[in-house]
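[1] model the structure of this input:
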Amino acid sequence: MDYQALSNRYGTPLFAYDFDRFSAQYALLKDAFSGSKSLIAYAVKANSNLSTISHLAAQGAGADCVSFGEVKRALIAGVPKYKIIFSGIGKRDDEIAGALNEDILFINIESEAELARVEAIALELGKVARISIRVNPAIDPKTHPYISTGLRENKFGVDIPTAQRLYLHAKNSAAVDPIGIHFHIGSQLTDLAPILEAAHKVAELARTLIALGIELKFFDVGGGIGVVYKDETPIDPNEYAKGILSAIKGLDLTVICEPGRFLVSEAGFFLTRVLYEKRSGDKRFVVVDGAMNDLIRPALYHAYHRVEVVGKPSADANETLCDVVGPVCESGDFFAKNLPLPPIVRGDLLAIHTAGAYGFSMSSNYNTRRRAAEIAVENGVDRLIRERETYDDLFASETKLLKASK
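    Just a heads-up that it's a prediction; the model follows:
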């Protein structure tokens, strides 16, 4: 990927995605489950650009959505409705009704209260809601606490006794059809053991439910497979698939896997130009035109992203420590701290790696900053997939209302 040519053509800050790498990552996971019934449902929240979703849908991917907005994105991007799952712990009534009217594959239930609302809304609409229940297996995923979801203190899912009771209720309901069972213990997982422990635990529950006459069809293992940001050892997709299939041996279930970061993160780059350097005593700052509103992971999680000075050697005898910071009026606005970088001048280009997931999708207009453009590179050809916001875009609705109030 020619970072300089792309930044010259589209400007900075800029998100650039290698769509061929998206395809390769999808194939790795799909091939790992070859010979078994499986659905790879892309976790839309990781990178929700319509072109990203459409590209993965063309490979055969479904969509795991955590808002009705994401369901709409998946449908617009061409994901078949029978491959769309609606997850998330706080669904509004209109979102539930929307999902039922769109006739998607199923809704993931996260609580007894949510099941009651889904059942009531399905009755009002004269529909039968296909559901799965998210089981919290109380297993430590060994990841960052903000992206851990499988412990009792996390807000997600229900414990096994509650799940069994809810399934029995659903079995006897005229408005609910329990067709799946689901778990997801966290994100950026690099240890396979907790995932397989959860899979075996939930598979045992599935066997109990099937023996009770509940006709499950799907075993949804969530997502969370980690990637390499710095020096992590990622999970082998073949070992992952082998372990999951071993857990459900003897059960006629379709495995659903919901990767997000795994498919798109390492194929994405955030390009930002140096505005100037600043010295404060012995402290060196490299100030760039990108900011925490564009890529919040370093500020939010203290996450590491490799920073490359494009066109300069990666090891330079003249390197000194610096903080790479943006223009936002927050001390938390940084991409790296105490990072060794060579001498830099205004206009130098930095490429921040592993930015394809939770980059643009978590971006904002904080400090009234325009969100970055997004581009795709496929078969060596680049194209714009989201225009850079203009100030008119930012102010349009407010200006209209302001004028109407006078």
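[2] C-alpha from now on. contacts and neighbour counts both.
    Noted.
[3] V345: neighbouring residues, count only.
    13 (other C-alpha atoms under 10 Å).
[4] A116: neighbouring residues, count only.
    15.
[5] looking at this, it is in a strand?
    No: looking at A116 with DSSP: H, G, I helix; E, B strand; the rest coil, it is helix, so not inside a strand.
[6] any idea how far it lies from L166?
    According to C-alpha to C-alpha, to the nearest Å, A116 stands 10 Å off from L166.
[7] what bridges to F334?
    Under the criterion DSSP bridges, F334 forms beta bridges with V325.
[8] I'd like the numbering to begin with 46 instead of 1 from here.
    With 46 as the first residue, the last one maps to F379.
[9] which non-adjacent residue is nearest L145?
    Nearest residue to L145 in three dimensions, chain neighbours excluded: A174, at 6.6 Å (C-alpha to C-alpha, 6 or more residues apart in numbering).
[10] ignore the last one, T435
    R415 (6.5 Å).
[11] ok, now which ones touch the one you found?
    Applying C-alpha atoms under 8 Å, 6 or more residues apart in numbering, we find R415 in contact with R433, E434, T435, Y436, L439.
[12] just the buried ones from those residues?
    Burial by neighbour count, 16 or more other C-alpha atoms under 10 Å: within the contacts of R415 this picks out R433.
[13] tabulate the contacts of R415 (JSON lines), appending pLDDT, distance to A102 and secondary structure.
    Formatted as JSON lines, these follow (pLDDT from 0 to 100; distance: C-alpha to C-alpha, whole Å; DSSP: H, G, I helix; E, B strand; the rest coil):
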{"residue": "R433", "pLDDT": "98", "distance to A102": "25", "secondary structure": "coil"}
{"residue": "E434", "pLDDT": "97", "distance to A102": "26", "secondary structure": "coil"}
{"residue": "T435", "pLDDT": "97", "distance to A102": "30", "secondary structure": "coil"}
{"residue": "Y436", "pLDDT": "97", "distance to A102": "33", "secondary structure": "helix"}
{"residue": "L439", "pLDDT": "95", "distance to A102": "31", "secondary structure": "helix"}
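[14] pretty sure the residue nearest to T435 is in a helix, no?
    No: R415: not assigned to a helix; according to three-state DSSP it is coil.
[15] identify the residues contacting the spatially most central residue of the chain.
    When C-alpha atoms, centre = their mean is applied to the chain, the residue found nearest the centroid is A91 (2.4 Å). The contact partners of A91, by C-alpha under 8 Å, 6+ apart, come to G305, R306, V309, G401, A402, Y403, G404, S406.
[16] do the same with Y62
    Contacts of Y62 by C-alpha under 8 Å, 6+ apart are A312, G313, F314, G401, E419, I420, A421, V422.
[17] three-state assignment of the last one?
    This means V422. strand.
[18] number of residues surrounding it?
    19.
[19] who is it paired with across the strands?
    D63, D427.
[20] the stretch 296-445 of the chain: helices as residue ranges?
    306-309, 342-346, 436-449 (DSSP state H, counting those that start in this stretch).
[21] deepest of the ones you listed, which one?
    helix 306-309 (a mean of 28; mean count of other C-alpha atoms under 10 Å).
[22] mind listing what's buried in the longest strand seen in the chain?
    Longest strand of the chain, by residue count under DSSP state E: strand 313-325. By neighbour count on 16+ other C-alpha under 10 Å, the buried set for strand 313-325 is G313, F314, F315, L316, T317, R318, V319, L320, E322.
[23] okay, stretch 360-380 in CSV with CA atoms only?
    Output in CSV follows, covering the C-alpha atoms of stretch 360-380 (Å, rounded to 0.1, in the frame of the first residue of the first chain):
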residue,chain,number,x,y,z
ALA,A,360,15.8,2.1,13.3
ASP,A,361,17.7,5.4,13.3
ALA,A,362,20.7,6.3,15.5
ASN,A,363,19.2,9.7,16.0
GLU,A,364,15.9,8.5,17.4
THR,A,365,14.8,10.1,20.6
LEU,A,366,11.7,9.5,22.8
CYS,A,367,8.5,11.5,22.1
ASP,A,368,4.8,11.6,22.5
VAL,A,369,2.7,11.5,19.3
VAL,A,370,-0.2,13.8,20.1
GLY,A,371,-3.2,15.4,18.3
PRO,A,372,-4.8,18.8,18.4
VAL,A,373,-7.8,17.9,20.7
CYS,A,374,-8.0,19.9,23.9
GLU,A,375,-7.4,16.9,26.2
SER,A,376,-4.2,15.5,27.8
GLY,A,377,-5.5,12.1,26.8
ASP,A,378,-5.2,13.0,23.1
PHE,A,379,-2.3,10.8,22.1
PHE,A,380,-1.4,7.9,19.8
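[24] what comes into contact with it?
    For stretch 360-380, using C-alpha under 8 Å, 6+ apart, the contacting residues are 328-338, 343-344, 350, 381-388, 412.
[25] among these, which lie within strands?
    Per DSSP E, those map to strands at K328, R329, F330, V331, V332, V333, A381, K382, N383, L384, P385, L386.
[26] highest neighbour count among those residues?
    That'd be V333 among those, by other C-alpha under 10 Å, with 26 neighbours.
[27] quick one: residues contacting it.
    T317, R318, V319, L320, Y321, V369, V370, G371, P372.
[28] in TSV: the residues you listed, plus pLDDT.
    Shown next, in TSV, are the contacts of V333 (pLDDT from 0 to 100):
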residue	pLDDT
T317	98
R318	98
V319	98
L320	98
Y321	95
V369	98
V370	98
G371	97
P372	97
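[29] out of those, which comes closest to A86?
    In terms of C-alpha to C-alpha, no member of the contacts of V333 lies closer to A86 than T317, at 31.5 Å.
[30] and the nearest residue to D339 once chain neighbours are set aside, how many neighbours?
    Nearest residue to D339, sequence neighbours excluded (C-alpha to C-alpha, 6+ apart): S408, at 4.7 Å. Using other C-alpha under 10 Å, S408 is surrounded by 18 other residues.
[31] so S408 sits against R342, correct?
    No: using C-alpha atoms under 8 Å as the test, S408 is too far from R342 to be in contact (9.8 Å).
[32] want to throw the contacts of A91 into JSON lines with pLDDT?
    JSON lines is the format used below for the contacts of A91 (pLDDT from 0 to 100):
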{"residue": "G305", "pLDDT": "97"}
{"residue": "R306", "pLDDT": "97"}
{"residue": "V309", "pLDDT": "98"}
{"residue": "G401", "pLDDT": "98"}
{"residue": "A402", "pLDDT": "98"}
{"residue": "Y403", "pLDDT": "97"}
{"residue": "G404", "pLDDT": "97"}
{"residue": "S406", "pLDDT": "97"}
